[in-house]
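J.: mind folding the following:
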Amino acid sequence: MNIIIGQPVLDKVEAVTQFDLINLLFYSQHHNLHFVPSIGTTIIHDARNHIVSESYNTEFDYIFFIDADMTFPGGTLETLLSHDKDICGVLYQSHTGKQNVFTYDDNLDEFNRTELKPETGLHEVGAVGSGILLVKRKVFDAIGNPWFFYEAGIGEDVNFCKIAKQLGFKTFVDTDINVGHVSKQIRRVQNG
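T.: Sure, this is the predicted structure:
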């Protein structure tokens, strides 16, 4: 399987993220992995679009986004691949301390943050933050360039999930993987 590991780097890569990436490479060495960083932009949707665009220069089945400020177990990619979903992320806290998952309200045509309990498995959601996100190539093929952009106050990752939903793709989040988001400290979703 051909997998692009895409890392948007807006400022710096946290040391713990690089350590975890090395562990991930060890756990996933039986795949054909390609690393595509995006360095030198301060706009996250530009960085994600650069990664996707560069990915089309090679054969790939998935793009696995790992932001430069995430911490995760070495088996994260293998776990997400095992779900065989078009779009699959993980549960973590944003820099604001809120979870990175959203429900979609059909009546209001809007996304709202929601809270999921950790260690409850795989859930279909309206959208998920893309700090750690695995996406099948067919989703990018269907959406077309630009894949990520802001629209009416919606972040690039939520907007990506919104467009994918309109095209018939579903978004899932794995709440069992113990992931952290590095801020002034590592933020993790608390069990219980």
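J.: now do the contacts for the residue minimising distance to the centre of the chain.
T.: Centroid-nearest residue in the chain, with Cα atoms, centre = their mean: Leu133, separated by 2.1 Å. Residues in contact with Leu133 (Cβ atoms under 8 Å, 6 or more residues apart in numbering) are Phe64, Phe65, Ile87, Cys88, Gly89, Val90, Asp157. For glycine as for every other residue, the C-beta is placed from the backbone atoms N, C-alpha and C.
J.: neighbours of the first one, just the number please.
T.: In other words, Phe64. Around Phe64 there are 23 other residues, counting by other Cβ atoms under 10 Å.
J.: now, which of the contacts of Leu133 lie within strands?
T.: Phe64, Phe65, Ile87, Cys88, Gly89, Val90 (DSSP state E).
J.: what ranges do the helices span in this protein?
T.: Secondary structure of the chain by DSSP state H: the helices cover 15-27, 44-55, 76-83, 137-143, 156-166.
J.: quick one: which of the ones you listed is nearest Thr175?
T.: helix 76-83 (11.4 Å; Cβ to Cβ).
J.: what's that closest one in contact with?
T.: 1, 3, 24, 27-28, 31, 62, 64, 88, 90, 122, 132, 134, 172, 174, 176-177, 179.
J.: and stretch 177-185, by the same measure?
T.: In contact with stretch 177-185 (Cβ under 8 Å, 6+ apart) are residues 14, 16-17, 69-73, 76, 79-80, 90-95, 131-132, 186-189.
J.: now, of these, which are buried?
T.: 14, 17, 69-73, 76, 79-80, 90-93, 131-132, 186-187, 189 (16 or more other Cβ atoms under 10 Å).
J.: how many neighbours does Val101 have?
T.: 25.
J.: ok, it - contacts?
T.: Leu91, Arg113, Thr114, Glu115, Leu116, His123, Val125, Ala127, Val128, Gly129, Val173.
J.: now Met70. Nearest residue, chain neighbours left out?
T.: Sequence neighbours aside, Gly131 is the residue nearest to Met70 in space, at 5.0 Å (criterion: Cβ to Cβ, 6 or more residues apart in numbering).
J.: for the one you found, what are its contacts?
T.: Neighbours of Gly131 in contact, by Cβ under 8 Å, 6+ apart: Phe65, Ile66, Asp67, Asp69, Met70, Gly89, Val90, Tyr92, Asn100, Val179, His181.
J.: could you measure from it over to Asn145?
T.: 22 Å (Cβ to Cβ, to the nearest Å).
J.: where in the protein is pLDDT low?
T.: 118-119, 184-188, 190-192 (pLDDT under 70).
J.: try it again at 90.
T.: When residues are selected by pLDDT under 90, those of the chain lie in 9-12, 37-43, 93-98, 104-120, 150-155, 182-192.
J.: list the contacts for the residue at the greatest distance from the centre of the chain?
T.: Centroid-distance maximum for the chain: Asn107 at 26.7 Å, with Cα atoms, centre = their mean. By Cβ under 8 Å, 6+ apart, no residues touch Asn107.
J.: that one and Cys88, how far apart?
T.: In terms of Cβ to Cβ, Asn107 sits 27 Å off from Cys88.
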